[in-house]
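Visitor: Structure here, sequence nowhere to be found:
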């Protein structure tokens, strides 16, 4: 599904990677004049044709939203590989900043895998002085820990959860990077009911983050955050505060 199916004004946008691949995304246009823009990095499953459902409603509140598919996802070219995807995220931040008027504020927002990648990307970004804030939704704190969580849920692999989890590449560990996000404000949003990524990941990230930071508890499960009105209101409260600063 494309955004126009639900009455959202949008356009296809593209970015060319360093290895000459084309990444595809959408810009969702605010119903009015936008002074704040969000760049949204989605989770691991599916692509922007489903993930835009988590952010399309923001256009009715005065926000433009950009979202791209990672290489190997949706209409983006290439293979889904972690190292180049991390490099691509810097490209995409720069691509959005090229479009923004000088007085427009950019907020990076990621969900699940996208949130974990966003923490690393903002912490190490050459554009940090142009990023107003980072909103992390249901991020995992560490690749070893989330692998161990997944393995421990299987009776077959339970005994092997620690040694197998240590084989996962942890180069981009969010908890090791989150302290470098400051002085960019970080808002860590997570539900205690999250059945995919346990709440302790949010607590670990919050403890390791520098100021300014805030931990916001959401309602509901992992994949339904912004289908719940109370969670939408919490996000809107953050965005309004940032817009007024």
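Guide: Ah, there it is. Note that the coordinates shown come from a computational prediction; the quantities given were computed from them, not determined experimentally.
Visitor: Could you check the pLDDT of residue 8?
Guide: On the pLDDT scale, residue 8 is placed at 96.
Visitor: so how many other residues sit close to it?
Guide: Other residues lying near residue 8 total 18 when counted by other Cβ atoms under 10 Å. For the C-beta atoms, the positions are set from N, CA and C on the backbone; glycine is no exception.
Visitor: give the contact list for it.
Guide: Counting by Cβ atoms under 8 Å, 6 or more residues apart in numbering, residue 8 touches 28-29, 56, 59.
Visitor: Show me the helices in this structure, by range?
Guide: 48-51, 82-99, 113-123, 143-152, 161-165, 174-177, 200-208, 229-244 (DSSP state H).
Visitor: which of those helices sits most buried?
Guide: helix 113-123 (a mean of 26; mean count of other Cβ atoms under 10 Å).
Visitor: Would you quantify the distance from the nearest residue to residue 42 once chain neighbours are set aside to residue 242?
Guide: Spatial nearest neighbour of residue 42, excluding adjacent residues (Cβ to Cβ, 6 or more residues apart in numbering): residue 51 at 3.7 Å. Applying Cβ to Cβ, to the nearest Å, the value for residue 51 to residue 242 is 22 Å.
Visitor: Quick check: which ranges of the protein have low pLDDT?
Guide: Counting by pLDDT under 70, the chain contains low-confidence residues at 147-169.
Visitor: Check what contacts stretch 93-110 and list those residues.
Guide: With Cβ under 8 Å, 6+ apart as the criterion, stretch 93-110 contacts 13, 15, 27, 34-42, 55, 66, 115-119, 121-122, 125, 127, 130-137, 139, 239, 242-243.
Visitor: among the residues you listed, which ones are buried?
Guide: Buried by 16 or more other Cβ atoms under 10 Å: 13, 15, 27, 34, 36-42, 55, 66, 115-119, 121-122, 125, 130-137, 139, 239, 242, out of these.
Visitor: Now go through these and say which are in strands.
Guide: 13, 15, 27, 36-41, 66, 131-137 (DSSP state E).
Visitor: From residue 235, how far off is residue 92?
Guide: To residue 235, residue 92 is 21 Å away according to Cβ to Cβ.
Visitor: now swap in residue 91 and tell me
Guide: From residue 91 to residue 235 the distance is 26 Å (Cβ to Cβ).
Visitor: Thank you kindly, that will do.
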